[in-house]
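1. Got a sequence here, can you build the structure:
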Amino acid sequence: MQDVLNFLSELKENNNKEWFDQNRDRYQECRKKVLFLTELIIHEISRFDPEIGAQNPKDCVFRIFRDVRFSADKTPYKTNMGSFIVKGGKKSSCAGYYLHLEPGASFVGGGSYCPPADALKAMRTEIFDHPEEFKQLIHNESFRKIYPTLYDDKLKTAPKGFPKDFPDMDLLKYKSFAFGSNLDDSVVVSDAYVSRVVASLKELYPVNRFLNNALDKWL
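-> I've put the predicted structure just below:
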C-alpha cells in the first residue's frame, strides 16, 4: 500500500487535471491494488457475514473524481481511496464495512453513515425498542477498544416521533450510526494490515446485524 499512499500524497499537492493525466498510469496501478485489497476483504468478511456474498470489488470502490457542482472546493480529485462493502451495493441504505486509505488519516470502520430518513427512523425505532441490546453491543469491551465512540453528528433535540423522556434519548439523536478506527501509515504498509482490518470489521458485525435487522423489520 506504500505506492497508494505515495500517489495520494503527491495528488494532494498537485490536485489538477494536468498532473493527474500525466500520472494516470500510476493511478490505474493504485486502483488495481485497492480493488485487489477489496476483493480480499470481501472474501474474509463473507466468512462471518454471509449476507455480503461474492460482490464485485468494482461495485464497492468509490470513484476518485469529486462532484464539484455544489461545492465551493473545486479541486477535481479526492485525496483518498475507499471501499464500502455492504449488502445491496455501496449506494444501499444498509449498514456495512468501510476501508479508507489516506496519508496520515487512514481508518477502518463502518455501520450506517448518513442514512436516508426512512432508514434512520427504522434504526432509531429498533434502538428505542431494544436499548439495552444496542448498548451492550457498542459498550462491549472488545468493541470499544477498537471503536470507542460513535461518529459524533447529533440532533440538538429529540427526533420527531419519539418521547422526549426516553432514558437513552442521547442515542436516538445521532444522525448516523457509524464507527471508525484510525490506522497509522506504518500499519497500512505492513504485512499486518489485512489481518488488522479483518479483525476490526469482525468486531463491527454484531452492530451491523442489529442495524440491518431494523431495516428488515421496519422498512
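
2. and Trp218, what does it touch?
-> Each residue near Trp218 by C-beta atoms under 8 Å, 6 or more residues apart in numbering is listed here: 121-122, 125-126. (Each C-beta comes from the backbone N, C-alpha and C, glycine too.)

3. would you list every one of the helices in the protein?
-> Secondary structure of the chain by DSSP state H: the helices cover 2-13, 17-22, 24-48, 117-129, 131-139, 141-146, 169-172, 185-188, 193-218.

4. one step back: write the PyMOL selection for whichever of the contacts of Trp218 are buried.
-> A single PyMOL command selects the buried members of these (16 or more other C-beta atoms under 10 Å):
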select buried, resi 121+122+125+126
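
5. Grab the two from the contacts of Trp218 that are most spread out in space.
-> Greatest spatial distance in these: Lys121 and Glu126, 9.8 Å, computed using C-beta to C-beta.

6. follow-up on the earlier one: point out the one among the helices of the chain that comes closest to Gly111.
-> Once these are compared by C-beta to C-beta, helix 193-218 is nearest, at 6.2 Å.

7. Please work out the angle formed by the directions of the closest one and helix 131-139.
-> Angle, helix 193-218 to helix 131-139, by axes from the mean of the first three to the mean of the last three C-alpha atoms, to 10 degrees: 170 degrees.

8. And helix 193-218, what's buried?
-> Within helix 193-218, the residues scored as buried using 16+ other C-beta under 10 Å are 193, 196-198, 200-208, 210-212, 214-215.

9. cool, and stretch 170-190?
-> Neighbour counts over stretch 170-190 (16+ other C-beta under 10 Å) mark 171-181, 183, 185, 188-189 as buried.

10. Sort out for me which of those are in strands.
-> Among the buried residues of stretch 170-190, DSSP state E puts 177-181, 183 in strands.

11. can you redo those residues as CSV with distance to Ile45 and pLDDT?
-> Shown next, in CSV, are those (distance: C-beta to C-beta, whole Å; pLDDT from 0 to 100):
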residue, distance to Ile45, pLDDT
Phe177, 18, 97
Ala178, 17, 97
Phe179, 15, 98
Gly180, 17, 97
Ser181, 16, 97
Leu183, 17, 98
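
12. of all the buried residues of stretch 170-190, which two lie farthest apart?
-> Leu172 and Val189 (40.1 Å).

13. Need phi/psi at the most far-flung residue of the chain relative to its centre.
-> Here the chain reaches farthest from its C-alpha mean at Asp165, the gap being 31.5 Å by C-alpha atoms, centre = their mean. Backbone torsions for Asp165, taken as degrees, to the nearest 10, come to phi -90, psi 10.
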